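Novice: Quick one: sequence plus predicted model below, questions after.
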Amino acid sequence: MEKIAPLPRELSLEGAPEGDDPAVGNIGYWSPDGDLVFYYGEVGFWNGIVRLGEFDGEMDAIERQRDDFSVTIERAE
């Protein structure tokens, strides 16, 4: 349903909603653990999820990863 990665520091939650129901392809922040999350399946609404953006590639590129892997995230213009 998701791939997670720890971030080097916590993100500010100022102005963020209490939770979210991310769609497949969304990138989010799981605030209770401070993790970045790529959603490739439906997880439903959870308090603590903050939607950050969306993945514009093929979802199977994320879903099929079984071991550690690297990604680059860039701010859209």
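Specialist: Received the coordinates, thanks.
Novice: Assign residue 3 to helix, strand or coil.
Specialist: Look at residue 3: counting by DSSP: H, G, I helix; E, B strand; the rest coil, its state is strand.
Novice: For burial, what's the neighbour tally of it?
Specialist: 15 (other Cβ atoms under 10 Å). Placement of C-beta: from N, CA and C, glycine included.
Novice: go on, residue 27?
Specialist: As a measure of burial, residue 27 has 17 neighbours, counting by other Cβ under 10 Å.
Novice: How about residue 15?
Specialist: Neighbours of residue 15 under the rule other Cβ under 10 Å: 6.
Novice: quick check, it in a strand?
Specialist: No: assigned with three-state DSSP, residue 15 falls outside any strand and is coil.
Novice: Got the confidence number for it?
Specialist: In this model, residue 15 is scored at 95, pLDDT.
Novice: can you give me the offset of stretch 60-71 from its chain's centre?
Specialist: 13 Å (Cα atoms, centre = their mean, to the nearest Å).
Novice: Start and end of that stretch, how far apart?
Specialist: Here the two ends of stretch 60-71 are set 14 Å apart, with distance taken as Cα to Cα, to the nearest Å.
Novice: quick one: average pLDDT of it?
Specialist: On average, stretch 60-71 scores 79.
Novice: and stretch 48-58, how far apart are its ends?
Specialist: End-to-end for stretch 48-58, by Cα to Cα: 26 Å.
Novice: All set, thanks.
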